[in-house]
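*Asks:* Model the following, please.
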Amino acid sequence: MSIEQIASSSQKNSADFNQPLPLHIANLTCVRAGKAMPFAREQMSAIDKAPIKEAVAVNFMGLSTDEQADRRHHGGPLKAVHQLPVATYEKINAEFGLKVRVGTLGENLTTEAVKGLPAMDESTVCIGDVFQYGGQYGNTDNNDNDSVQLRIVQPRRPCYKINDQIGQFNKVPNIASWVTKQGIAGWYFEVVRDGMIHTDLPVYLIERPYPFATLEKLWQLSNSKEKFDAEIIEPWLAIECLEDSWKTVLAKKIRKD
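*Replies:* Next up, the predicted model:
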């Protein structure tokens, strides 16, 4: 895929959110958390998330009631909260003839679009975007405990646990690899402002410092076997909040002439 194709593929959808901010773009339809439980390969996992009916506190480590069994690869300030588009399940189920339910793949948040805007997905959200979940429209007061502010810092990298989780019910091979190639694994937030979160909150996009940096484009660059001119890659390397391992991948994509 050429850089022109990469640029044009995400231009249309991301432009729908490139409006005066703050912008009410979605409503929060479900909040989920999980407990570490025995899993495949004699390991523990909290990948299976259950809906939370009551408000839950969110701090720099994520939802207070959410657990991660493998703290080396999951959780922490740069993977505090995970959001996954419902469309990911629709695509997996259509591709493999499955009926995987929402919540199976470890996400904490699920949203739905409002006002004719596109859904929050990898083609419409960008690295560095800050979203406010809850509060009144336009209220970004740092003392507002009735809302949470979250910043996208990296896509989620699918791992073997997705295969084991779905593979408990079928024999479909390596769905995680397919999800990686599609770039539809959702994203991780760091917490900009602590607070409380619960279902049915409005979701506002309040900051977009890097409108070029859609997750779709990041996946395409990372997955590409091509090399690119430095001017294509260097703007990504200058994104302070982009998690370092992704910068390492991108730096290797620079063409050496």
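*Asks:* Provide a list of residues in contact with residue 119.
*Replies:* 26, 85-87, 111-113 (Cβ atoms under 8 Å, 6 or more residues apart in numbering). All C-beta spots, glycine's among them, are computed from the backbone N, C-alpha and C.
*Asks:* Straight-line length of stretch 97-108, end to end?
*Replies:* End-to-end distance for stretch 97-108: 25 Å, by Cα to Cα, to the nearest Å.
*Asks:* ok, back up a step: inside strands: which ones of the contacts of residue 119?
*Replies:* 26, 111-113 (DSSP state E).
*Asks:* Against residue 68, how distant is the closest residue to residue 87 other than its chain neighbours?
*Replies:* Nearest in space to residue 87, with sequence neighbours left out and distances taken as Cβ to Cβ, 6 or more residues apart in numbering, is residue 121 at 5.8 Å. Look at residue 121 and residue 68: by Cβ to Cβ, to the nearest Å, they are 24 Å apart.
*Asks:* just to revisit the earlier point, check the contacts of residue 119 and tell me the two furthest apart.
*Replies:* Farthest pair in the contacts of residue 119 (Cβ to Cβ) is 26 and 87. Separation: 13.0 Å.
*Asks:* These two: who's more crowded?
*Replies:* Using other Cβ atoms under 10 Å as the criterion, residue 26 and residue 87 rank with residue 26 on top: 25 against 14.
*Asks:* partner residues bridging that one?
*Replies:* Taking DSSP bridges as the rule, residue 26 bridges to residue 113, residue 203.
*Asks:* if I look at it, how far off is residue 251?
*Replies:* Counting by Cβ to Cβ, the gap from residue 26 to residue 251 is 33 Å.
*Asks:* ok so, going back, could you tell me which of the ones in strands among the contacts of residue 119 count as buried?
*Replies:* Neighbour counting by 16 or more other Cβ atoms under 10 Å classes 26, 111, 113 among the ones in strands among the contacts of residue 119 as buried.
*Asks:* I am assuming the second one contacts residue 31, so please confirm or correct that.
*Replies:* What that stands for is residue 111. No: look at residue 111 against residue 31 with Cβ atoms under 8 Å: they stay out of range, at 10.4 Å.
*Asks:* just to revisit the earlier point, out of the contacts of residue 119, which one sits closest to residue 217?
*Replies:* Among the contacts of residue 119, and counting by Cβ to Cβ, the member closest to residue 217 is residue 85, at 16.2 Å.
*Asks:* Give me the local confidence score for the closest one.
*Replies:* At residue 85, the predicted lDDT confidence score is 97.
*Asks:* what does residue 12 give?
*Replies:* The score at residue 12 is 58. That number is its pLDDT.
*Asks:* swap in the one 4 residues further on?
*Replies:* On pLDDT, residue 16 comes in at 88.
*Asks:* Report pLDDT for the closest residue in space to it that isn't next to it in sequence.
*Replies:* The shortest distance from residue 16 to any non-neighbouring residue, by Cβ to Cβ, 6+ apart, is to residue 118 (5.2 Å). Residue 118 carries a pLDDT value of 97.
*Asks:* Would you mind giving the secondary structure of residue 118?
*Replies:* coil (DSSP: H, G, I helix; E, B strand; the rest coil).
*Asks:* My guess is it contacts residue 124. True?
*Replies:* Yes: with contact defined as Cβ under 8 Å, residue 118 reaches residue 124; the gap is 5.1 Å.
*Asks:* quick one, which of those two is more surrounded?
*Replies:* Counting neighbours by other Cβ under 10 Å for residue 118 and for residue 124 shows that residue 124 has the greater number, 26 against 16.
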